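*Asks:* 3D model of this:
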Amino acid sequence: MNKPLSRITAALALAGLASLSVSAHAAKDIVVAVQSNFTTTDPYDANDTLSQAAAKSFYQGLYG
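*Replies:* Okay, the predicted model is just below:
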C-alpha cells in the first residue's frame, strides 16, 4: 500500500471516530412521569423509596 492511500485511510478512520464521539455526547431531554411528588433529590437526605429511586437514577450514570 502506498503512503498517500494509507494517509487518506487513516484520516477517514480518524474522522469517523471523531464523529462517533461527538454524537455520543449530544444533549438529550428525558421526561419522567410519576404519580406522586419527590420529597428530595439529594441522595444523602432521601428517606423514602420514591426519592431514593429517583436519586439513584439521576446519579447512576456518574458512578457506573
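*Asks:* Could you export the helix or strand harbouring Leu62 as CSV, keeping only the C-alpha atoms?
*Replies:* For Leu62, the enclosing helix or strand under DSSP states H and E is helix 49-63. Presented in CSV, the C-alpha positions along helix 49-63 are these (Å, rounded to 0.1, in the frame of the first residue of the first chain):
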residue,chain,number,x,y,z
THR,A,49,-38.4,4.7,48.4
LEU,A,50,-39.5,7.0,45.6
SER,A,51,-36.9,9.7,46.3
GLN,A,52,-34.2,7.1,46.7
ALA,A,53,-35.1,5.5,43.4
ALA,A,54,-35.1,8.9,41.7
ALA,A,55,-31.8,9.9,43.1
LYS,A,56,-30.3,6.6,42.1
SER,A,57,-31.5,7.0,38.5
PHE,A,58,-30.1,10.6,38.4
TYR,A,59,-26.6,9.7,39.7
GLN,A,60,-26.2,6.1,38.3
GLY,A,61,-24.6,7.4,35.1
LEU,A,62,-22.0,9.3,37.1
TYR,A,63,-20.9,6.4,39.2
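*Asks:* in the chain, which spans are helices?
*Replies:* According to DSSP state H, the chain carries its helices in the segments 3-24, 49-63.
*Asks:* least reliable of the ones you listed going by mean pLDDT?
*Replies:* With a mean of 66, helix 3-24 has the lowest mean pLDDT of the helices of the chain.
*Asks:* Now do the helix holding Leu62: everything it contacts.
*Replies:* Val32, Val34, Ser36, Phe38, Thr39, Thr40, Thr41, Asp42, Pro43, Ala46 (Cβ atoms under 8 Å, 6 or more residues apart in numbering). Quick note: C-beta positions are derived from backbone N, CA and C, even for glycine.
*Asks:* okay, among the residues you listed, which ones form the most distant pair?
*Replies:* Maximum pairwise distance among the contacts of helix 49-63 (Cβ to Cβ): 18.4 Å, between Ser36 and Pro43.
*Asks:* returning to that earlier point: by neighbours, which of the contacts of helix 49-63 wins?
*Replies:* When neighbours are counted by other Cβ atoms under 10 Å, Ala46 leads these with 18 neighbours.
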